[in-house]
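Peer 1: what's the 3D shape of this:
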Amino acid sequence: MIDAELPIHILYQMIGIIAMVCSFISFQFKKNHLFLAFQCISCLLFSIQFYMTGAWVACIMNGICILRCIFYALKKNKIRNMIMAVIFCLMFIAAAVVSVVIFHEKLFIAIICCIASI
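Peer 2: Numbers count the residues shown, from 1 in each chain. Take a look at the predicted model:
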């Protein structure tokens, strides 16, 4: 007997594999805009995968990573980049708190995702 949810699980995994390949490919580029473009695609695909599986903390943090990639793809200014780095760190911490309080994620999972994202 075939499980009815098996095709959707295969879809989750395919999206994750494509995201991982995009992430690996991104490190092959020397130009920042190509690196950040592939990182953005990777984060978007991972965010979709985590949304589909109900892993809210990972979904939110990958969404923040998309914003971070877009921001760093813009013109460089050292002071602005340092300020935004602190803001992104605070956003990751806030996302961890929100995921624990609202989505009832386990605290240790939120902490691990927050540390990995920072």
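
Peer 1: elements contacting the strand or helix carrying Gln13?
Peer 2: Using DSSP states H and E, Gln13 sits within helix 6-26. Secondary-structure packing of helix 6-26 (3 or more C-beta pairs under 8 Å, 6 or more residues apart in numbering; DSSP states H and E): helix 32-53. Heads up, the C-betas are built off the backbone N, CA and C, glycines and all.

Peer 1: Run through the neighbouring helices and strands of the helix it packs on.
Peer 2: Looks like helix 32-53 contacts helix 6-26, helix 56-73 (3+ C-beta pairs under 8 Å, 6+ apart).

Peer 1: Mind listing what's buried along it?
Peer 2: For helix 32-53, a neighbour-count test (16 or more other C-beta atoms under 10 Å) marks 35-50, 53 as buried.

Peer 1: For it, which outside residues touch it?
Peer 2: The contact list for helix 32-53, computed with C-beta atoms under 8 Å, 6 or more residues apart in numbering, reads 8, 11-12, 15-16, 18-20, 22-23, 25-27, 29, 56, 58-59, 62-63, 65-66, 69-70, 72-73.

Peer 1: Stretch 82-95 too?
Peer 2: The contact list for stretch 82-95 (C-beta under 8 Å, 6+ apart) reads Val57, Ile60, Met61, Ile64, Leu67, Arg68, Phe71, Cys114, Ser117, Ile118.

Peer 1: wait, the second one sits on Ser99?
Peer 2: Same thing as Ile60. Yes. Contact criterion C-beta atoms under 8 Å: Ile60 and Ser99 qualify, at 6.1 Å.

Peer 1: which stretches of the chain have low pLDDT?
Peer 2: 1-4 (pLDDT under 70).

Peer 1: Report the angle between the host helix or strand of Ala96 and helix 56-73.
Peer 2: Here Ala96 sits within helix 78-101, counting by DSSP H and E. Angle, helix 78-101 to helix 56-73, by axes from the mean of the first three to the mean of the last three C-alpha atoms, to 10 degrees: 170 degrees.

Peer 1: Extract the C-alpha set from helix 78-101 and format it as PDB.
Peer 2: Listed next in PDB are the C-alpha coordinates belonging to helix 78-101 (Å, rounded to 0.1, in the frame of the first residue of the first chain):
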ATOM      1  CA  LYS A  78      31.500  49.900   6.200                       C
ATOM      2  CA  ILE A  79      29.600  51.700   8.900                       C
ATOM      3  CA  ARG A  80      26.200  50.900   7.500                       C
ATOM      4  CA  ASN A  81      27.200  47.300   7.000                       C
ATOM      5  CA  MET A  82      28.300  47.000  10.700                       C
ATOM      6  CA  ILE A  83      25.000  48.600  11.900                       C
ATOM      7  CA  MET A  84      23.000  46.300   9.700                       C
ATOM      8  CA  ALA A  85      25.000  43.200  10.900                       C
ATOM      9  CA  VAL A  86      23.900  44.100  14.500                       C
ATOM     10  CA  ILE A  87      20.300  44.600  13.300                       C
ATOM     11  CA  PHE A  88      20.300  41.200  11.500                       C
ATOM     12  CA  CYS A  89      21.600  39.500  14.600                       C
ATOM     13  CA  LEU A  90      18.800  41.100  16.600                       C
ATOM     14  CA  MET A  91      16.300  40.000  14.000                       C
ATOM     15  CA  PHE A  92      17.600  36.400  14.300                       C
ATOM     16  CA  ILE A  93      17.200  36.500  18.100                       C
ATOM     17  CA  ALA A  94      13.700  38.000  17.800                       C
ATOM     18  CA  ALA A  95      12.800  35.300  15.300                       C
ATOM     19  CA  ALA A  96      13.900  32.600  17.700                       C
ATOM     20  CA  VAL A  97      11.800  34.200  20.500                       C
ATOM     21  CA  VAL A  98       8.800  34.500  18.200                       C
ATOM     22  CA  SER A  99       9.000  30.900  17.100                       C
ATOM     23  CA  VAL A 100       9.200  29.600  20.600                       C
ATOM     24  CA  VAL A 101       6.400  31.800  21.900                       C
END
